[in-house]
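Q: What shape does this take:
(one chain, ligands or ions: 2)
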Amino acid sequence: MRLAVRGSRVKTGRTQRKDKYMPVALIILAAGQGTRMNSDLPKVLHQIGGAPMFVHALEAGRMLKAERRVLVVGHGAQAVSAAARAYDPDIEIVVQNEQLGTGHAVNAAREVLADFDGDVVVLYGDTPFIRPGTLQAMVDARAEFDVVVLGFEAADPGRYGRLIMDGKNLNAIVEAKDADDAELAVTFCNSGVKMTAGTNLFALLDTIGNDNASGEYYLTDIVAAAAKAGQSATAIACDEAETLGVNSRADLARAEAVFQARARSDAQENGVTLVAPETVFFALDTVIGRDTIVEPNVVFGPGVSVETGATIRSFSHLEGCHVGSGAIVGPYARLRPGAELANDAHIGNFVEIKNSQIGEGTKVNHLSYIGDASVGDGTNIGAGTITCNYDGVMKHRTEIGARAFVGSDTMFIAPVKLGDEAMTATGTVLTRDVPDGALAISRPEFQIKAGVARKLFEKLKAAKAARDKGQ
Ligand code: UD1
Ligand code: MG
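A: Ligands and ions are numbered 1, 2, ... in the order given. Predicted coordinates:
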């Protein structure tokens with residue numbers, strides 16, 4: 001069977017010239033089920049560094065400044081599309097209803113790219129670690145060759161497609177299932193990444209069939225098709241680690257380790273001190289400024305940015321938050337989405353901040369929950385303070401002014417406001433707004449009853465003795 005939806009003649013595929021800027025489109029293949037993950041979740045939605053796997057491929061493509069980004073979805077199409085749009089609102093999504101092979105998958109992008117005049121790079125959604133420099137080497141090679149493939153020396157070539165080279169020229173890619181003994185002995189393998197002119201890609205795809213051991217339309221067959229059409233093809237080599245694919249939970253854990261190792265060394269290169277790098281975990285989008293110190297056992301979830309010269313102390317967990325310059329967080333702090341710390345704020349042990357702005361130099365040092373609140377500059381929040389933001393149905397805001405002093409164990413019953421330079425006495429339950437400069441105090445009557453404790457002890461001890469005797 002032919003893949004062609006309409007006839008076309010294959011001519012030279014080269015459209016790139018060194019002196020001419022070529023627009024680039026990315027096609028990311030993400031239609032496969034990933035059976036070996038043994039999961040209800042489509043494979044490409046499993047996360048590495050807090051981001052779905054396919055987002056890593058999308059990020060790798062960022063250096064190409066791709067004008068068009070096309071994601072081919074199939075299994076779990078709706079969930080994958082929703083996740084993709086959340087990361088890249090301009091991404092174009094095409095559905096491959098039946099998974100008939102990698103060539104068939106690329107063909108699904110034909111219509112949306114019909115008007116595209118430039119180069120196309122094909123990446124796999126389950127191969128997250130292609131380096132920008134590697135893609136650049138492919139772009140450079142495109143100046144000389146019609147088709148460029150990314151290969152690697154495989155320690156264990158197994159079921160990888162074999163790259164059949166003749167000097168610098170790539171003659172064909174032979175899938176392991178279809179290879180003879182001589183071809184199987186080749187260790188230079190196909191990563192899956194390919195680059196050629198868009199019009200050429202679809203013209204070559206028109207010529208390929210599915211007459212092979214898997215009965216699939218192999219994208220890899222475009223190489224032999226190119227040779228047949230008198231075009232030139234080559235393969236660029238990258239490190240095998242870059243082509244690490246994820247097919248199982250064990251692979252996923254390995255991929256996470258590779259990602260974290262890269263993220264740690266990137267952070268160090270950017271001037272961040274990691275006291276015990278192997279105990280710090282980053283997300284794909286973590287941004288940390290120079291001269292920030294990260295102590296052991298810290299987790300950065302998605303959406304965290306930290307300015308310069310901050311200190312993130314041990315056992316802190318941060319996600320969706322911003323930490324200002326010189327701020328100190330932890331030990332044992334939890335910053336949840338929407339936490340915004342201004343410069344030099346201090347967030348101490350067993351403090352949770354959610355959807356709240358904490359002013360410059362403000363301190364929340366011990367055992368507090370600050371949620372849906374704003375706190376001005378230079379305010380001190382005493383130990384055990386809680387913003388009671390939730391009434392069981394709705395969330396309410398607390399506003400705390402600047403240079404205020406909040407006594408320990410203050411309960412803010414939101415919605416409520418405490419003015420600038422105001423104070424609350426220890427143990428106050430704040431149910432009404434407090435103007436600037438005022439003191440709020442709410443305490444039950446304090447009594448001392450002489451001798452009552454001793455009497456109570458005696459009574460209790462007697463009761464216990466009677467009970468023990470009865471047993
Ligand atoms: C493919 C290559 C092989 C290469 C290997 C590297 C082909 C024919 N073979 O083999 O040369 O060494 O990758 O890992 O290309 N996909 C779809 N729709 C389909 C089929 C696949 O979207 O109909 C997607 C998958 O979700 C996956 C990617 O394409 O992201 C690769 O498919 P997979 O089945 O893993 O190909 P391999 O057999 O590993
Ligand atoms: Mg594979």
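Q: Determine whether any part of whichever helix in the chain runs longest lies close to ligand 1.
A: Looking only at the chain and at elements set by DSSP state H, the helix with the highest residue count is helix 249-269. No - Helix 249-269 does not reach ligand 1 (Cβ under 6 Å from any ligand atom); its nearest approach is 11.2 Å. For the C-beta atoms, the positions are set from N, CA and C on the backbone; glycine is no exception.
Q: contacting residues for the residue nearest to Lys168 when sequence neighbours are not counted?
A: Excluding its sequence neighbours, the residue lying closest to Lys168 (Cβ to Cβ, 6 or more residues apart in numbering) is Thr234, at 5.4 Å. By Cβ atoms under 8 Å, 6 or more residues apart in numbering, the contact list for Thr234 reads Ala141, Glu144, Phe145, Val147, Val148, Val149, Lys168, Asn169, Leu170.
Q: For Gly151, see how far away the closest residue to ligand 1 within the stretch 151-300 of the chain is.
A: The nearest approach of the stretch 151-300 of the chain to ligand 1 comes at Gly161, 2.2 Å away (Cβ to the nearest ligand atom). Going from Gly161 to Gly151 by Cβ to Cβ, to the nearest Å gives 9 Å.
Q: Partner strands of the helix or strand following the longest helix of the chain, with direction?
A: Scanning forward in sequence from helix 249-269 by DSSP states H and E, the next helix or strand is strand 273-274. Partners of strand 273-274 in the sheet, by DSSP bridges, are strand 293-294 (parallel).
Q: moving C-terminal of the partner strand, what's the next helix or strand?
A: Following strand 293-294 toward the C-terminus (DSSP H and E): strand 298-300.
Q: same question for that next one, mean pLDDT?
A: For strand 298-300, mean pLDDT rounds to 98.
Q: Which members of the contacts of Thr234 occur in helices, if any?
A: Ala141.
Q: same for the longest helix of the chain, what does it pack against?
A: Using 3 or more Cβ pairs under 8 Å, 6 or more residues apart in numbering; DSSP states H and E, the elements in contact with helix 249-269 are strand 47-48, strand 273-274, strand 280-281.
Q: How about stretch 104-112 and ligand 1, any contact?
A: Yes - against ligand 1, stretch 104-112 shows contacts by Cβ under 6 Å from any ligand atom at His104, Ala105.
Q: Ends of that stretch, what's the gap?
A: End-to-end distance of stretch 104-112 (Cα to Cα, to the nearest Å): 15 Å.
Q: List the contacts of the residue of the stretch 1-150 of the chain found nearest ligand 1.
A: Closest to ligand 1 within the stretch 1-150 of the chain is Gly32: 2.4 Å, counting by Cβ to the nearest ligand atom. Contact analysis of Gly32 by Cβ under 8 Å, 6+ apart lists Lys43, Gly74, His75, Gln99, Asp126.
Q: Tell me who's in contact with the residue nearest the centre of the chain.
A: Nearest residue to the geometric centre of the chain (Cα atoms, centre = their mean): Ala51, 2.6 Å. Taking Cβ under 8 Å, 6+ apart, we find Ala51 in contact with Tyr87, Ala283, Leu284, Asp285, Pro302.
Q: Which strands or helices does the worst-scoring helix or strand of the chain on mean pLDDT pack on?
A: Scoring the helices and strands of the chain by mean pLDDT, DSSP states H and E places helix 53-60 at the bottom, with a mean of 91. On a contact count with 3+ Cβ pairs under 8 Å, 6+ apart, helix 53-60 meets strand 24-30, helix 77-87, strand 119-124.
Q: any residues touching that helix, and which ones?
A: Taking Cβ under 8 Å, 6+ apart as the rule, helix 53-60 contacts 26, 28, 30, 43-49, 69, 71, 80, 83-84, 87-88, 91, 123-132, 135, 246, 255, 259, 284.
Q: Buried only: go through the residues you listed for me.
A: Among the contacts of helix 53-60, the ones that count as buried by 16 or more other Cβ atoms under 10 Å are 26, 28, 30, 43-49, 69, 71, 80, 83-84, 91, 123-130, 135, 246, 255, 259, 284.
Q: which non-adjacent residue is nearest Glu216?
A: Once flanking residues are discounted, Glu216 sits nearest to Gly101: 3.1 Å by Cβ to Cβ, 6+ apart.
Q: Quick check: residues of the chain near ligand 1?
A: So the chain meets ligand 1 at 29-32, 72, 74, 96, 99-102, 104-105, 124-126, 160-161, 173, 175, 189-192, 218-220, 245 (Cβ under 6 Å from any ligand atom).
Q: Narrow those residues to those in helices?
A: Thr102, His104, Ala105.
Q: On the pLDDT front, check Ser8 for me.
A: Confidence score, pLDDT, at Ser8: 41.
Q: I meant to write Met22 there.
A: 83.
Q: Looks like it contacts Asp117 (just checking).
A: No - with contact defined as Cβ atoms under 8 Å, Met22 does not reach Asp117; the gap is 9.0 Å.
Q: Stretch 333-350: end-to-end distance?
A: Stretch 333-350 end-to-end distance (Cα to Cα) = 5 Å.
Q: how far is that stretch from where the chain is centred?
A: Relative to its chain's centre, stretch 333-350 lies at 21 Å (Cα atoms, centre = their mean, to the nearest Å).
Q: who touches it?
A: Under Cβ under 8 Å, 6+ apart, the answer for stretch 333-350 is 303-304, 307, 313, 316-332, 351-368, 377.
Q: Could you do stretch 261-277 as well?
A: 49, 129, 278, 280, 282, 284, 286, 288-297.
Q: Please work out the average pLDDT along it.
A: Here the average pLDDT along stretch 261-277 is 98.
Q: and Ile386, how many neighbours?
A: 17 (other Cβ atoms under 10 Å).
Q: Can you tell me the number of residues neighbouring the spatially closest residue to it that is not a sequence neighbour?
A: Distances taken as Cβ to Cβ, 6+ apart put Tyr369 closest to Ile386, at 4.8 Å, once the chain neighbours are dropped. Neighbour count of Tyr369, defined by other Cβ under 10 Å: 20.
Q: Test my guess that Tyr369 contacts Gly384.
A: No - with contact defined as Cβ under 8 Å, Tyr369 does not count as touching Gly384 (9.4 Å).
Q: now the strand ranked longest in the chain and helix 53-60, what's the angle there?
A: Across the chain, the longest stretch assigned as strand under DSSP state E is strand 188-197. Angle, strand 188-197 to helix 53-60, by axes from the mean of the first three to the mean of the last three Cα atoms, to 10 degrees: 60 degrees.
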